[in-house]
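Trainee: coords please:
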Amino acid sequence: MHRFANPARFRRLSQRVQPGLSLATLLSLGIGLWLALLQSPPDYQQGETVRIMYVHVPMAWLAMAGYALLAALSAALLVWRHPLAALMARAAAPVGACYALICLLTGSLWGRPMWGTYWVWDARLTSMLLLCFLYLGHIALSRAYDNAERGDRAAAILALIGVINLPIIKFSVDWWNTLHQPASVTRLDGPAVDAAILLPLLWMAGGFLLLFILLVLVRTETEMDRRRLEIADQIA
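Mentor: As a prediction, this is how the structure comes out:
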């Protein structure tokens, strides 16, 4: 990983993979939307509203995975002082926050016909809301100091503390009696979802994952340019 700590080397690699990554993202999301909207059947209980799942579930998975990435970058910054860790963390946090927010919004829209309300203080929903706040806290802290390095370190500490929320989100439906349904895909005994629904769900998850990576790469380059301009202004 230290080979890519050099900004120039990272930028060359990023710009080399972005065209192919963009095409793969469009194809994956296009195929996923075609399968989700046109090919997959409606649920026998939920009807057409089940299609919200094809956005909601991948967003939940990737909001959690994005925060795990944020924590790993924070550890690299605090322990190994990885040169690009802070910049990539700054790039990843807003993307993860958007994914968490979309997860909450689509879950609310899905909950209205299923539960009769847009929101309940359910363990899963509350812990996911906390995840969104942790992302926003990281964004705010990283920009709260005149000294960018102090802000990055403070945000990194928050990110590492917030990791404890990830297992709470994952296992909240097992630990407490909640309205949210238990895991039906990531189960030890195999998915409890029909292949006609599971396949488009995985295509959508793959497309949103590629989009996440693409956005983080582009935003990291933007953060590199911003940091270079800030240093130039200080010297001037």
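Trainee: next SSE after the lowest-mean-pLDDT helix or strand in the chain?
Mentor: Ranking every helix and strand in the chain by mean pLDDT, DSSP states H and E puts helix 165-175 at the bottom, with a mean of 87. Where DSSP states H and E defines the elements, the next helix or strand beyond helix 165-175 is helix 195-235.
Trainee: quick check, distance from that following helix to the centre of its chain.
Mentor: Centroid separation between helix 195-235 and its chain, computed with CA atoms, centre = their mean, to the nearest Å, is 10 Å.
Trainee: helices and strands around that helix, which ones?
Mentor: Based on contacts counted as 3 or more CB pairs under 8 Å, 6 or more residues apart in numbering; DSSP states H and E, the elements that helix 195-235 packs against are helix 7-34, helix 53-75, helix 85-115. For every residue, glycine as well, the C-beta is placed using N, CA and C.
Trainee: what mean pLDDT does the first one have?
Mentor: Over the span of helix 7-34, the pLDDT mean works out to 94.
Trainee: tell me which residues in it are buried?
Mentor: Under the neighbour-count criterion of 16 or more other CB atoms under 10 Å, helix 7-34 has 7, 10-11, 14, 21, 24-25, 28-29, 31-33 buried.
Trainee: go on, the last one?
Mentor: Using 16+ other CB under 10 Å as the test for burial, helix 85-115 gives 85-104, 106-108, 110-111, 114.
Trainee: can you tell me the centre-most residue of the protein?
Mentor: Among the residues of the chain, the one closest to the centroid is A63, at 2.8 Å (CA atoms, centre = their mean).
Trainee: show me where pLDDT drops low in this protein?
Mentor: The model of the chain has pLDDT under 70 over residues 1-5, 176-177, 179-193, 236.
Trainee: ok, 90 please
Mentor: Scanning the chain for pLDDT under 90 picks out the ranges 1-9, 40-50, 80-83, 110-124, 146-148, 170-198, 227-236.
Trainee: L35 - how many residues pack around it?
Mentor: Using other CB atoms under 10 Å, L35 is surrounded by 19 other residues.
Trainee: not counting sequence-adjacent ones, nearest residue to it?
Mentor: P200 (3.5 Å; CB to CB, 6 or more residues apart in numbering).
Trainee: can you check C132 too?
Mentor: Distance criterion CB to CB, 6+ apart; nearest residue to C132, sequence neighbours excluded, is A100 at 4.0 Å.
Trainee: distance of the one you found from I139?
Mentor: A100 is 12 Å from I139, where distance means CB to CB, to the nearest Å.
Trainee: cool, and L23?
Mentor: Distance of L23 to I139, computed by CB to CB: 30 Å.
Trainee: for I161, same thing?
Mentor: In terms of CB to CB, I161 sits 16 Å off from I139.
Trainee: same question for D233.
Mentor: D233 sits 22 Å away from I139, going by CB to CB.
Trainee: who has more neighbours out of these two?
Mentor: For D233 versus I139, the count of surrounding residues by other CB under 10 Å is larger for I139: 17 against 8.
Trainee: quick one, phi/psi of Y118?
Mentor: Main-chain torsions, Y118, degrees, to the nearest 10: phi -80, psi -30.
Trainee: how about H56: what's its closest non-neighbour residue?
Mentor: Leaving aside its sequence neighbours, H56 sits nearest to T106 (CB to CB, 6+ apart; 4.0 Å).
Trainee: pretty sure that neighbour contacts Y54?
Mentor: No: here T106 does not reach Y54: they are 9.4 Å apart, not a contact under CB atoms under 8 Å.
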